[in-house]
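Student: Sequence and predicted structure below; questions after.
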Amino acid sequence: MKRIKRYAKRFIIMLQFFTTIPIKENINCHAEDYGKGLVFAPFTGLIIGIILMGIYCGLELFFPHEVVFAFIIIAYIVLTGGIHLDGLADTFDGLFSGKSKEKILEIMRDSRIGTNGVLAIVSLLLLNYALFVSLDLQDIKTVLILFPAAGRMASLIGAGASGYARKTWGLGKSFIDFCGLKEVIAGSLIYTLAIYIGLGVEGLVIASLTILFPYIILKLIEKKIQGATGDVLGALCELNQTFFLICFMLYKGVIFKIF
């Protein structure tokens, strides 16, 4: 019973941290609850996806699909508080500054957004929109449910497969210090099962690719800052969501129809 309560507490912590869902439960949590709780990150993504799918079902009754997907992207930003997009912007500002590790980390911690950060957010959102409007109608609901799970899976991998890059405390330290291989494996099983249920056996290729992709990006980032930060986890989340959409398009053969 204590274990169940501990898991439930960590799941609620993930919902409170990664979404703006109004959960007023006051929880006495410790630093390890954040890192260990990341095992539920893919499941949190599924909940976000289900909400987005519900919004889509309501709006499609009144608006063209092109307009609906604009609302979906806005709803996603509101539902997540833009926390991962903020990490994406900070990461790109730092990594593309051409500075030393210490300066990169300083730039990433700066609350102000730079040119590279703006370009990263705008480019990614435009690409996401283009990918969404290119989906076949029968695939939209499944994709809306699954793509946020792919993003949170990437954050889990980023925390579990790297060390903390800063010498001082930061928001991502509790996630990275207390998340390990066990959490990554358990979260991967949850994520892969969700993909299998949604897309069948063929979808396991997408699951594999969207587990491998963030790991590769993480290792490239580590060459710059010798570790990860909370911003990096957010960037991995956003990048992997887009990569999932690209993989799905290839999986459905949409891109190859032009040849």
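Tutor: That came through fine.

Student: C-alpha only now, for contacts and for neighbours.
Tutor: OK.

Student: and Gly98, how far is that from Gly187?
Tutor: 34 Å (Cα to Cα, to the nearest Å).

Student: try Lys252
Tutor: According to Cα to Cα, Lys252 stands 26 Å off from Gly187.

Student: and if you look at Leu171?
Tutor: Distance, Leu171 to Gly187, by Cα to Cα: 21 Å.

Student: Then Phe92?
Tutor: To Gly187, Phe92 is 27 Å away according to Cα to Cα.

Student: now do Phe43
Tutor: Between Phe43 and Gly187 the distance is 8 Å, computed by Cα to Cα.

Student: ok, now Thr20?
Tutor: For Thr20 relative to Gly187 (Cα to Cα), the value is 22 Å.

Student: Please apply the same query to Lys167.
Tutor: From Lys167 to Gly187 the distance is 28 Å (Cα to Cα).

Student: ok, now Ile72?
Tutor: Going from Ile72 to Gly187 by Cα to Cα gives 26 Å.

Student: which of these two has more neighbours?
Tutor: The residue with more neighbours, out of Ile72 and Gly187, is Gly187; 23 against 20, by other Cα atoms under 10 Å.

Student: list the contacts for the more buried one?
Tutor: Leu38, Val39, Phe40, Ala41, Pro42, Met153, Leu156 (Cα atoms under 8 Å, 6 or more residues apart in numbering).

Student: CSV for those residues, including secondary structure, pLDDT and neighbour count?
Tutor: Listed next are the contacts of Gly187 as CSV, based on DSSP: H, G, I helix; E, B strand; the rest coil; pLDDT from 0 to 100; neighbours: other Cα atoms under 10 Å:
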residue, secondary structure, pLDDT, neighbour count
Leu38, helix, 92, 31
Val39, helix, 92, 31
Phe40, helix, 93, 27
Ala41, helix, 93, 27
Pro42, helix, 95, 28
Met153, helix, 97, 34
Leu156, helix, 96, 34
